[in-house]
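Need coordinates for the below:
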Amino acid sequence: MFFRDLFVNNFVLVRPSNPIVYLVWMGRAKSDVVKDQENENYRKVYVQWWVPTKKGANDDDELYHNCWLSKWKCNHANPKQ
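Next up is the predicted model:
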């Protein structure tokens with residue numbers, strides 16, 4: 001079970017179900033995973049999503065093309081989800 005090894009400030013990589021444009025989403029855990037089975041948020045964690053930055057990118061296709069060569073920044077518009 002993955003949630004046993006995920007803690008606050010760990011980076012996570014998530015592969016979307018349809019990776020046509022977004023090959024990967026990168027985020028940072030902003031909380032530990034809720035391990036209390038009685039809690040309504042059981043097995044959930046707040047994630048601060050990050051986005052690549054690329055000068056001159058006009059759309060998501062350009063932004064995510066070779067995204068591993070880009071710098072990434074926190075998505076401050078919606079910092080925790």
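
Any idea how far apart the tips of stretch 17-31 sit?
The first and last residues of stretch 17-31 sit 24 Å apart, counting by C-alpha to C-alpha, to the nearest Å.

again with stretch 39-49
24 Å.

Pull out the buried positions in that stretch.
45-49 (16 or more other C-beta atoms under 10 Å). Bear in mind the C-beta positions are built from the backbone N, C-alpha and C, glycine included.

same deal with stretch 20-40?
22, 26-29, 31, 33-34.

Which of the helices and strands in the chain ranks last by mean pLDDT?
helix 60-64 (a mean of 84; mean pLDDT, DSSP states H and E).

right, and the helix or strand after that one?
Helices and strands here follow DSSP states H and E; after helix 60-64, the next one along the chain is strand 71-74.

Now do the phi/psi pair for Asn41.
phi -100, psi 20 (degrees, to the nearest 10).

Secondary structure element holding the closest residue to Asn41 other than its chain neighbours?
Nearest residue to Asn41 in three dimensions, chain neighbours excluded: Val34, at 4.5 Å (C-beta to C-beta, 6 or more residues apart in numbering). Using DSSP H and E, Val34 sits in no helix or strand.

Who are the contact partners of Val34?
Contact analysis of Val34 by C-beta atoms under 8 Å, 6 or more residues apart in numbering lists 41-45.

can you rerun that using 10 Å?
By C-beta atoms under 10 Å, 6 or more residues apart in numbering, Val34 lies in contact with 3, 40-46.

The residues you listed: which two are farthest apart?
Farthest apart among these by C-beta to C-beta are Phe3 and Glu40. That separation is 15.6 Å.

Cys67 and Trp25, how far apart?
For Cys67, the distance to Trp25 equals 10 Å [C-beta to C-beta, to the nearest Å].

which neighbours do those two share?
Val51.

how about TSV for the buried residues of stretch 20-40, with distance to Val8, pLDDT and secondary structure added?
Converted to TSV, the buried residues of stretch 20-40 look like this (distance: C-beta to C-beta, whole Å; pLDDT from 0 to 100; DSSP: H, G, I helix; E, B strand; the rest coil):
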residue	distance to Val8	pLDDT	secondary structure
Tyr22	24	73	coil
Met26	16	88	strand
Gly27	12	90	strand
Arg28	9	91	strand
Ala29	6	90	strand
Ser31	6	89	coil
Val33	9	88	coil
Val34	12	87	coil
